[in-house]
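S.K.: Give me the fold of what follows.
(3 chains)
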Amino acid sequence: MVRFIIKRLLMLIPVMLGISLVVLILIDVTPGDPARMMIGAQATQEQVEALREELGLNDPLPIRYGRFIWQLLHGDLGTSLMTKRPVATEMWERFPYTLTLVVLGTTLSVILGIPIGIYAAVHQRTWKDNTAIFLSLISVSMPSFWFALLLIRFFGVYLGWLPISGVDDWKGWVLPSGAMALGLTALIARQMRSDMLEVLRQDYITTARAKGLTEGRVVYRHALKNAMIPVIMVIGGIFGVMLGGSLITEVIYSIPGLGQYIMTGLYNRDYPVIQSGVLIVSALFAVIILIVDVIFALVDPRIRSQYTRKEKRKAGRQLAKETKTVETS
Amino acid sequence: MDEKLLEIRNLAVEYHTDEAVVYAVNNVNLTVKKGETIGLVGETGAGKTTIARSILRILPPPTARIVSGEILFNSTDLLKLSEKEMQKVRGNKIAMIFQDPMTALNPIETVGFQIAEAIQRHNKITHFEAEKRACDMLEMVGIPMERYSEYPHQFSGGMKQRVVIAMALSCNPELLLADEPTTALDVTIQAQVLDMMESLKKRLGTSVVLITHDLGVVADTCDSVAVVYAGEIVERGTVEHIFDFAAHPYTLGLFGSLPQLDSKERRLKPIKGMMPDPTNLPPGCRFYERCPEAIKECAEAPPPDVEVAPGHTVKCIRVKGDAA
Amino acid sequence: MRKKRKQSRLLEVWHQLKKNKVAVVALFVLVLLFLVAIFAPYLAPHPYEKQNSKLANAGPSREHPLGNDRLGRDILSRLIYGTRQSLQMGIVSVAIAAAIGILLGSVAGYYGGWVDNLSMRLLDIYQAVPMFLLSVSLAAILGPSLRNAIIALGIGTVPGYARIMRASVLTVREKEYVEAARAINASDIRIIFKYIIPNSIGPLIVQITMGVGSCILAGSALSFIGLGVQPPVPEWGAMISDARRVMREHPTHALYPGLCVMISVLACNLLGDGLRDALDPRLKN
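M.R.: Numbers count the residues shown, from 1 in each chain, chains lettered A, B, ... in the order given. Presented below is the predicted three-dimensional model:
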């Protein structure tokens, strides 16, 4: 298992290098001069040129790329052109907000989506199922930023229960995580429902029924565990959607997280921020996917056995030995 | 030996889909005596599996419906039991072996757990005792108990079927429903599994309903046979009687499509045509369209069951003519 | 002969689809939206950019059934014209993504070996960036405009199509008719375009239908944050963004465009669901 994780982490390195190279090239080939953006339109051409030289913008692409990587290896993500502060420091300050938002949103959508999906599948083709499907379809079709505004208008302005922006206390997190969770709850519910129905059709479910197990045990032990495997895969992707969605949500709710930071960077063509932001968020995403894959392997013995077959065999022999000693004694 | 263990009376099962109603089983009568092995023979789609699943009441829930009939097991009608009472019968008094061992086991639980689970469900014993008995069951079907905590994907097809058999026999059922237990296996493994079932059956005194389309298997293992065609039992009797004095044209057709070593015929004689569409069954004899000996009257009304010899009945009006 | 078979296959799918009433309604809604987009100048009661300070934030009236926005523009007319931008973003970007994806996926799947390996590693890099972050970054770097938003969405969603295409090519590649084509010495390009792509496009159709929906959704989000359609051209996401300033007093200004987005995306999703069932009735629950 450890070897698997290390291997996967090593595989990430070329991916991350690729991402940073692509972002660098993109910024390079598109019009717009960061130096000009920094000091404004009234500066003279000489001043801009001097700044470009100072920032190293005139160096050829491979040199800039090499420099970026070299700094990256030293934990240096460059300096923001706008705030003049180290990008790494700023991102580190903002990281907890985004992580909280994403984890809250994902947790919410998982703990709501999975039961809804199971409920719909167990009541297949009844009005309960139809209602659940219809509501989830509407939810995935809604623009989440629009839903966020409606939430603010209703709970923040009309009822006045929750703050309309900022996350000074727990109340502030309710609306943003709710807004983020809506569509993804529906997505998980749909996935859970269809996987559950698929699993309930399998022969081993009939076997479980034929053993005389109660319907509850058939559904919640035998079917659910199997149906969860593809759902776990979806949850990995959902973190990605959440990270993307945090860009807008953090702006709407004024949450000082990575999403807001990257958005500001994008508006101002603050290229160290853009480059590091995309890289760091992608790295975060990759780590989450890796964690999901590990969980996946833990749940599914067919995958787990590729890594731990020997240990399992040993455990089996141990059990056999114990039962034998009981018999003889 | 003559004591009735299971008696099916006038069983009818339908599948309701969006488009049509499938009449899968119609008016089936069948008796299984204690200790007996009865073979259900017929083509794919004839309704054999549906009959077996009706006995356990594990038909696919949204579409299948048992329309009428009684299934008497030790004189209690299984169809009248509550779901809770039925659960106590499943796996305990009546167990089932499925066609495809590749898909019959839960892929993410150990084989040992899956056997122990059935044992613990039906016996008041501790978890540890259940595990121990599961180990015994594994040994009984020829799998070393060291493999208790392995997962189904680590077993071959034949081994998986042994696990399924161990699971089915783990609570000493009185009746075992074996749904084509060897069809999905290699020919060499088939014989092994059948031999094993045979000896276990003798040891435990279980009655067996063996579903198969292999007449050779029937001749080897069964005491009596019921031939199923388009949801009906068209002929039933003892193995000897049916093999020697088969009377229904369909049964004769089945024998005709078997290769025979001592025959001078160079070609097999397959039965012409296809089974009738189960959503749209003919009003008369269901075999009418394919029957080489059909007469006009066959198409008009369903043929009655005719007893040609004690315990040997045939659903054919032509046979009635012969006997009269 | 081949043409005939293709037609009958389409007909068969259509017959399956017709049975699904919800999908038919969804199709009807999409056709309606299409017509609205095409005939917007004839349907809209007022020019979309005409401001009238006297009517700023006015409520519904006979003249302006949905009222006027903060600059006094007719909301209904803006919604009608907005259909054009949203459908463009949905359809054109999916067309870009699907075209690149199909080509990439079929080449990777057909040739296998290092070509396949290289393409898949490229897709890994691609997919390592969350899709929306990628589209937003691309749109911001390319500069805000409808065209660039479409390009950003198109490029951002390529990997899904490429992977589905590759998977289905891998199964089609081994089929007898491809063997046969190879045996008569057909060129690779001919085999890919004549045999592989037409036969493996089935699973993609569903993905494409739903993709239009998700691109409309993502496109409205881009416009909402100012990286898509630029004022004064109306677009639903941009209208919501504009309505934010008067959200407290006039929440309906934001409500209507959001409903428009929701209805069009819902129609795409429902049609996609229906198509999936029609293409493969076995999957139907």
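
S.K.: and residue C:174, how many neighbours does it have?
M.R.: By other Cβ atoms under 10 Å in any protein chain shown, 8 other residues sit near residue C:174. Every residue, glycine included, has its C-beta placed from N, CA and C.

S.K.: Then residue A:134?
M.R.: 13.

S.K.: contacting residues for the residue of the stretch 201-329 of chain A at minimum distance from chain C?
M.R.: Closest contact between the stretch 201-329 of chain A and chain C, by Cβ to the nearest Cβ, is at residue A:244 (2.9 Å). Residues near residue A:244 by Cβ atoms under 8 Å, 6 or more residues apart in numbering or on different chains: C:130-133, C:136.

S.K.: same check, this time on residue C:226
M.R.: A:267, C:144, C:238, C:241.

S.K.: Quick one, grab the pLDDT at the residue nearest to residue B:93 when sequence neighbours are not counted.
M.R.: Nearest non-adjacent residue to residue B:93, counting by Cβ to Cβ, 6 or more residues apart in numbering or on different chains: residue B:174, 5.3 Å away. At residue B:174, the model reports a pLDDT of 89.

S.K.: is it true that residue B:174 touches residue B:207?
M.R.: Yes - Residue B:174 is in contact with residue B:207 according to Cβ atoms under 8 Å; the separation is 6.4 Å.

S.K.: which neighbours do these two share?
M.R.: Shared contacts of residue B:174 and residue B:207, defined by Cβ under 8 Å, 6+ apart, comprise B:5, B:34.

S.K.: re earlier: near chain A, which of the contacts of residue A:244 show up?
M.R.: Within the set of the contacts of residue A:244, contact with chain A (Cβ under 8 Å from any Cβ of the partner chain) is found for C:130-133, C:136.

S.K.: taking those one by one, which sit in helices?
M.R.: Residues of the ones next to chain A among the contacts of residue A:244 located in helices (DSSP state H): C:131-133, C:136.

S.K.: What ranges in chain A fall below the confidence cut-off?
M.R.: Along chain A, the parts satisfying pLDDT under 70 run over A:31-32, A:41, A:305-329.

S.K.: repeat for the stretch 151-285 of chain C
M.R.: Within the stretch 151-285 of chain C, the stretches with pLDDT under 70 are C:280-285.

S.K.: what's around residue 166, how many residues?
M.R.: No chain specified, so I'll use chain A. 12.

S.K.: oops, I was thinking of chain C
M.R.: Neighbours of residue C:166 (other Cβ under 10 Å): 24.

S.K.: And the helix or strand hosting it, what does it pack against?
M.R.: Element membership of residue C:166 [criterion: DSSP states H and E] is helix C:158-172. In terms of contacts (3 or more Cβ pairs under 8 Å, 6 or more residues apart in numbering or on different chains; DSSP states H and E), helix C:158-172 is packed against helix C:75-111, helix C:113-128, helix C:197-200, helix C:202-224.

S.K.: Which of the residues in the longest one are classified as buried?
M.R.: Neighbour-count burial for helix C:75-111 flags C:75-98, C:100-110 (criterion: 16 or more other Cβ atoms under 10 Å in any protein chain shown).

S.K.: looking only at pLDDT, what's the mean for that helix?
M.R.: 91.

S.K.: what about that helix, distance to the chain center?
M.R.: 5 Å (Cα atoms, centre = their mean, to the nearest Å).

S.K.: Now look at that helix and say if it contacts chain A.
M.R.: No - Helix C:75-111 stays clear of chain A (Cβ under 8 Å from any Cβ), getting no nearer than 10.8 Å.

S.K.: can you pull the contacts of the closest residue in space to residue B:200 that isn't next to it in sequence?
M.R.: Leaving aside its chain neighbours, residue B:200 sits nearest to residue B:169 (6.1 Å; criterion: Cβ to Cβ, 6+ apart). By Cβ under 8 Å, 6+ apart, residue B:169 lies in contact with B:95, B:137, B:140, B:176, B:200, B:204, B:206.
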